[in-house]
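1. fold the stuff below for me.
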Amino acid sequence: MRIISVCFALALFLSSVAAQSAAKPWVQWSKKEVEKVLNDSAWGQTQVNERKDQPQNVEAVTQVAANRSADRQLGREGESGERKEGLSVRYHVRFLSAKPVRAAFARMVLLAQTEPNEALTGQLQTFVDRNFADYIVVAVGIEVSDEKIGEQFNKALGAATTDVLKQNVYLERKDGKKLYLMEYRAPTSDGMGAKFVFQRVVDGQPFLSETDSVKFIAQFNERMKLNTKYKLADMLYDGKLEY
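-> Okay, the predicted model is just below:
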């Protein structure tokens with residue numbers, strides 16, 4: 001009974017953090033509020049993959065039909081030939097086209113400054129207010145416990161292309177309707193990760209509505225797959241549906 005009470009209290013606390021973030025200007029958000037929006041909210045989720053004995057093969061990100069023997073070899077050994085243990089991979093999957101996610105990234109930049117910078121704040125406000133009327137953009141960032149494997153992930157994502165990924169990355173509504181990738185943009189120095197761009201309007205109508213739930217699915221290889229789910233009724237920010 002006590003465990004249930006603790007879990008309930010924690011849920012209320014996390015909900016209050018999200019509500020507080022939406023209720024005040026983004027320039028006042030705390031680091032905790034920023035991390036909540038980016039990693040555990042209606043607009044940003046974290047998928048954690050842990051492998052006790054086999055790191056994932058990330059070289060196959062740019063070629064879905066990769067050589068399976070090479071895949072198995074990398075699964076057994078790292079670059080040095082030593083067996084890798086306890087690899088943890090965190091995928092941060094965020095709707096960058098949602099205003100609160102952009103606000104969280106903007107606030108992260110300001111929190112890194114040692115002194116107030118009004119000019120920078122103005123530039124970031126423009127980024128936060130950017131119009132995404134035509135597109136849905138999902139950003140994927142990666143955290144890896146093994147630095148060498150992390151370098152492989154970054155290299156692979158940097159080399160990926162739209163043509164290779166477009167049939168294996170899509171948004172899926174609760175009715176099963178899929179919206180396939182329109183454009184892929186490799187990670188840059190902005191710290192927001194890889195960007196996956198989708199058409200917002202299909203056949204004259206928005207692909208998503210407030211009554212929908214949607215999954216972001218990205219199949220890179222046999223063992224590297226993202227599958228995160230979002231409920232659009234929860235994606236309201238300042239009284240507006242943001243995704």
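2. distance-wise, check the closest residue to L236 other than its chain neighbours relative to D190.
-> Nearest in space to L236, with sequence neighbours left out and distances taken as Cβ to Cβ, 6 or more residues apart in numbering, is E242 at 7.2 Å. Just so you know, the C-beta spots here come from the backbone N, C-alpha and C atoms, and that holds for glycine as well. Going from E242 to D190 by Cβ to Cβ, to the nearest Å gives 20 Å.
3. so the two - more neighbours on which side?
-> E242 (20 against 11; other Cβ atoms under 10 Å).
4. how near is the more buried one to K36?
-> Distance from E242 to K36, by Cβ to Cβ: 15 Å.
5. one more: K215?
-> For K215, the distance to K36 - Cβ to Cβ - is 21 Å.
6. ok, these two, which is more surrounded?
-> K36 (20 against 15).
7. quick one: buried residues of stretch 177-197?
-> The neighbour-count check on stretch 177-197 (16 or more other Cβ atoms under 10 Å) flags L179, L181, Y184, P187, M192, G193, A194, K195, F196, V197 as buried.
8. same question, stretch 149-165
-> So stretch 149-165, judged by 16+ other Cβ under 10 Å, has buried residues I149, G150, Q152, F153, N154, A156, L157, A160, V164, L165.
9. dump that stretch to PDB, restricted to CA.
-> C-alpha atoms of stretch 149-165 as PDB (Å, rounded to 0.1, in the frame of the first residue of the first chain):
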ATOM      1  CA  ILE A 149      29.700   2.900 -29.300                       C
ATOM      2  CA  GLY A 150      28.300   6.400 -29.000                       C
ATOM      3  CA  GLU A 151      30.800   7.600 -31.600                       C
ATOM      4  CA  GLN A 152      29.500   4.800 -33.900                       C
ATOM      5  CA  PHE A 153      25.900   5.900 -33.400                       C
ATOM      6  CA  ASN A 154      26.800   9.500 -34.300                       C
ATOM      7  CA  LYS A 155      28.800   8.500 -37.300                       C
ATOM      8  CA  ALA A 156      26.000   6.200 -38.600                       C
ATOM      9  CA  LEU A 157      23.300   8.900 -38.100                       C
ATOM     10  CA  GLY A 158      25.500  11.400 -39.800                       C
ATOM     11  CA  ALA A 159      25.800   9.100 -42.900                       C
ATOM     12  CA  ALA A 160      22.100   8.100 -43.000                       C
ATOM     13  CA  THR A 161      20.000   9.400 -45.900                       C
ATOM     14  CA  THR A 162      16.300  10.000 -46.600                       C
ATOM     15  CA  ASP A 163      16.200   7.400 -49.400                       C
ATOM     16  CA  VAL A 164      17.500   4.700 -47.000                       C
ATOM     17  CA  LEU A 165      15.200   5.500 -44.100                       C
END
